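Student: The following block contains a protein sequence and its predicted model.
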Amino acid sequence: MKFCTVDAFTHILFKGNPAAVCVVDMFPSDVFMQNVATEVNLSETAFVVPLDGNHFAIRWFTPTIEVALCGHATLAAAHVLWTEMEIVAREEIYFESKSGILKAWRHDDGITLDFPAHYTEPMSTPDGLFEALGVAPVYVGLAHDDCVVELHSADEVIHLSPDIAHLAELECRGVIVTAEAPEGANYDFVSRYFAPKEGILEDPVTGSAHCKLATYWSERLGRNKLVGYQASKRGGYVNVSHEGDRVFLTGHAVTAFSGRFVGIPVF
C-alpha cells in the first residue's frame, strides 16, 4: 500500500504536524490499522480508500485508539492524493468519515478543509484542572468533547508546562489551552493541545481543536476570519473562518517521506 508521511499546516519541512497516510484498496482490519499507527507512532495515521471519482473513505488512528475526526491528517491525505497519486485530477475531494462528509480543495493559499463547527459552552472548572495547569484560567468551557481553557496571555500559553498525568484524569477528550495574541503578532490567537487519553501528550498542530477555536475566538473578537498559531515545539499556523455549522481550516503541507508499506495487510 502507498505510504507517506506529511508535515501538515506548514510549508516548511519538519515543522507543523506530521501525519502518516496509507492509501489502500479497502480498509484492512481494525487491529492491523491500529498496529500500523502504533508502529508509525505519529499523532495520527490516516487510511484512505478510493471510492468513485473524487470521493474517498477515510479513517484516523492515534498510536492507541481510532478517532472520529482529525484535521491535520485529512489535510495530509488530500495533499498525498493530489501530489503523490495519479488517481485525483479534480480540484475538490470529498472524504466519507465518522464525522460525516468532509470536503477539501486546493488553491494558491494552500488547502482548505470544510469541517463541522463546535461551539463552546461555559462549564464549572473540573476538579484537578488548576493543579494540572499550574495557572489560573480566565475561562473554562466544553466544546463537543474537549475542554477549552483561556489563559491571561499568550506568554502563559507558550510557556505552560502542565502535569500530563493530571490532565489525563480530566473528564474530557483533551484540553485546548488558548489566549489572545499579543499586540503586533501575525496571528489572532495562540493555542496548545494536550490529549494524553488518546496517546497524544501534546499535539503539534490540531485541526479538530481549531473547529472549536474558530467559533470561540470569532465570538470573542467579533470577526469570522482569523489566524491561529499553535505554539508547540514544531509550531504551525491555521487560517480559520466559520459560517453557521461549518468551519473552514486552511493550511499548507509538505511531503517528508514517500514509499510503500511492505507488510501484508490483514483484511
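Tutor: Nice, I can see it.
Student: care to break the chain down by domain?
Tutor: 2-114+251-260, 120-244 (automatic domain parsing).
Student: Quick one: the helices in the stretch 51-200 of the chain, in order.
Tutor: For the stretch 51-200 of the chain, the helices defined by DSSP state H, counting those that start in this stretch cover 71-83, 129-133, 154-158, 164-167.
Student: Can you list the buried residues in the longest helix along the chain?
Tutor: The single longest helix within the chain, with elements called by DSSP state H, is helix 207-221. Neighbour counts using 16 or more other C-beta atoms under 10 Å place 207-218, 220 of helix 207-221 among the buried residues. C-beta: built from backbone N, CA, C; applies to glycine.
Student: which element follows that helix toward the C-terminus?
Tutor: strand 225-230 (DSSP states H and E).
Student: what separates that following strand from the chain centre, distance-wise?
Tutor: Once both centres are worked out by C-alpha atoms, centre = their mean, to the nearest Å, strand 225-230 turns out to sit 13 Å from its chain's centre.
Student: Run through who's touching it.
Tutor: 9, 181, 185-193, 203-206, 209-210, 213-214, 217-218, 235-241 (C-beta atoms under 8 Å, 6 or more residues apart in numbering).
Student: tilt between that strand and helix 207-221?
Tutor: 130 degrees (axes from the mean of the first three to the mean of the last three C-alpha atoms, to 10 degrees).
Student: report the angle between the axes of whatever helix or strand comes next after strand 225-230 and helix 71-83?
Tutor: Note on strand 225-230: by DSSP H and E, the next helix or strand toward the C-terminus is strand 236-243. With the same axes, to 10 degrees defining the directions, strand 236-243 sits at 100 degrees from helix 71-83.
Student: can you pull the pLDDT of residue 88?
Tutor: At residue 88, the predicted lDDT confidence score is 58.
Student: For this protein, give me the ranges with low pLDDT.
Tutor: Scanning the chain for pLDDT under 70 picks out 86-90.
Student: on that earlier part again, right, and the helices of the stretch 51-200 of the chain - which one's nearest residue 177?
Tutor: Residue 177 lies closest, by C-beta to C-beta, to one member of these: helix 154-158, at 5.5 Å.
Student: Which elements pack onto that closest one?
Tutor: Where contact means 3 or more C-beta pairs under 8 Å, 6 or more residues apart in numbering; DSSP states H and E, helix 154-158 is packed against strand 174-180, strand 189-195.
Student: Walk me through which strands the last one pairs with, and which way each runs.
Tutor: Here strand 189-195 is paired, per DSSP bridges, with strand 174-180 (antiparallel), strand 200-203 (antiparallel), strand 225-230 (parallel).
Student: any idea how far the first one is from the chain center?
Tutor: Right, the one you point to is strand 174-180. Worked out by C-alpha atoms, centre = their mean, strand 174-180 lies 14 Å from the chain centre.
Student: Over to stretch 105-112?
Tutor: 17 Å.
Student: do stretch 211-223 as well
Tutor: On C-alpha atoms, centre = their mean, the centre of stretch 211-223 falls 17 Å from the chain's centre.
Student: Please give the element, helix or strand, for the closest residue to residue 32 other than its chain neighbours.
Tutor: Of all residues not flanking residue 32 in the chain, residue 266 sits nearest, at 4.2 Å (C-beta to C-beta, 6 or more residues apart in numbering). For residue 266, there is no host helix or strand (DSSP H and E).
Student: Just to check, residue 266 is in contact with residue 31?
Tutor: Yes - between residue 266 and residue 31 there is a contact under C-beta atoms under 8 Å: 7.0 Å.
Student: how long is stretch 148-158 end to end?
Tutor: End-to-end distance for stretch 148-158, by C-alpha to C-alpha, to the nearest Å: 16 Å.
Student: now what about stretch 208-215, what contacts it?
Tutor: 69-71, 115-120, 143-144, 146, 148, 174, 176, 178, 189, 191, 193, 203, 226, 228, 230, 238, 240-242, 247, 249.
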